[in-house]
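S.K.: Dropping the sequence and predicted coords here.
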Amino acid sequence: MVAVSLDDVAVGTTVRVRDVAGGDAVAIRLLEMGVTPGVEIRLVGKAPFGDPLELELRGYRLSIRRQEAARVAIGDR
């Protein structure tokens, strides 16, 4: 997967998307939901066992699985 990814960040952290790995249906769906390079994402919360993750981006909240978040390469704000 990706070296530093969205599933590695702590709750309350805001990061910027660098890339979404892959060209399959999951990657395309993430892009369609607004997880695109350059967008800021804040990790709002994690379920008790770490899956799913609740994100805030583009004025809305989105929940995704950790394995999906692992495909999102991130950088600092």
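M.R.: Thanks, I have it.

S.K.: Give me the three-state assignment for Arg16.
M.R.: strand (DSSP: H, G, I helix; E, B strand; the rest coil).

S.K.: bridging residues for it?
M.R.: Beta-bridge partners recorded for Arg16 (DSSP bridges): Glu40, Gly75.

S.K.: That one touches Arg42, doesn't it?
M.R.: No: judged on C-beta atoms under 8 Å, Arg16 makes no contact with Arg42 at a distance of 10.7 Å. C-beta: built from backbone N, CA, C; applies to glycine.

S.K.: Of those two, which one has the most company?
M.R.: Neighbour count, other C-beta atoms under 10 Å: between Arg16 and Arg42, Arg42 has more, with 16 against 13.

S.K.: pLDDT at Gly50, what is it?
M.R.: For Gly50, the pLDDT comes out at 82.

S.K.: Pull the contacting residues for it.
M.R.: Arg66 (C-beta atoms under 8 Å, 6 or more residues apart in numbering).

S.K.: The closest residue to Asp51 other than its chain neighbours and Leu6: what is the separation?
M.R.: Once flanking residues are discounted, Asp51 sits nearest to Arg66: 4.7 Å by C-beta to C-beta, 6 or more residues apart in numbering. From Arg66 over to Leu6 the distance is 9 Å, taken as C-beta to C-beta, to the nearest Å.
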